[in-house]
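curious how this folds, go ahead:
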Amino acid sequence: MKRKADVSIAIENLLKEKAAHSPCTYKISAIAFDSKGDILGHVTNSHSKNWNVLEKEKIGRAGTAEHSERRLIARYGSLIKTIVICRVGRSGNLRPIDPCPVCQRAAAKYGIKIVSLMPGNGHQHEE
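Below you'll find the model as predicted:
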């Protein structure tokens with residue numbers, strides 16, 4: 001495991017700020033890096049087309065949010081080397097997060113490493 005210090009404070013702040021703009025209950029953001037360490041893009045999780053935001057009701061089955069990791073993979077695909085994900089609570093503090101099995105499989109398909117920015121002990125969890 002890598003120490004939290006391996007992710008710069010600027011990147012951590014960018015992830016936290018971006019997550020705060022998520023329309024979902026669980027505020028999650030992700031940032032994608034290429035093989036040179038350059039930022040390709042950063043996104044939040046978002047409601048899918050099966051969600052009526054004005055009525056705040058699910059139109060389809062449960063779990064209709066589009067995961068930030070999947071949004072990055074769909075956008076940048078094989079250009080991505082690493083994705084760092086972050087979940088922020090209402091207080092603005094980091095909350096625990098792990099990628100779901102579907103996102104893990106999609107990342108593995110492209111050889112992408114997913115790193116979770118974790119609270120507390122200053123460690124990240126790598127998948």
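
use CA for all of it now, contacts and neighbours both
Noted.

do me a favour and get the end-to-end distance for stretch 77-96?
Between the start and the finish of stretch 77-96 there is a gap of 25 Å, counting by C-alpha to C-alpha, to the nearest Å.

same deal with stretch 108-117?
19 Å.

pull out the buried positions in it.
By neighbour count with 16 or more other C-alpha atoms under 10 Å, stretch 108-117 contains the buried residues 112, 113, 114, 115, 116, 117.

from residue 38, how far off is residue 102?
25 Å.

residues in contact with the top helix by length along the chain?
For the chain, the helix with the greatest residue count under DSSP state H is helix 9-20. Applying C-alpha atoms under 8 Å, 6 or more residues apart in numbering, the contact partners of helix 9-20 are 27-31, 42-44, 85-88, 92, 94.

show me which of these are buried.
27-31, 42-44, 85-88, 94.

could those go into TSV alongside distance to residue 19, secondary structure and pLDDT?
TSV is the format used below for the buried ones among the contacts of helix 9-20 (distance: C-alpha to C-alpha, whole Å; DSSP: H, G, I helix; E, B strand; the rest coil; pLDDT from 0 to 100):
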residue	distance to residue 19	secondary structure	pLDDT
27	5	strand	90
28	5	strand	92
29	5	strand	93
30	8	strand	94
31	11	strand	95
42	10	strand	92
43	8	strand	92
44	6	strand	90
85	10	strand	94
86	8	strand	93
87	7	strand	92
88	6	strand	91
94	10	strand	90
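
from those residues, pick the one nearest residue 8.
Using C-alpha to C-alpha, residue 31 comes nearest to residue 8 of those, at 12.6 Å.

check contacts around the closest one.
Going by C-alpha under 8 Å, 6+ apart, residue 31 touches 15, 39, 40, 41, 42, 43, 72, 83, 84, 85.

most neighbours among those, which one?
Of all the contacts of residue 31, the highest neighbour tally under other C-alpha atoms under 10 Å goes to residue 85, namely 29 neighbours.

in the sheet, who's paired with it?
Residue 85 has the following beta-bridge partners by DSSP bridges: residue 30, residue 116.

ok, now how distant is it from residue 69?
If you measure residue 85 against residue 69 using C-alpha to C-alpha, the figure is 7 Å.
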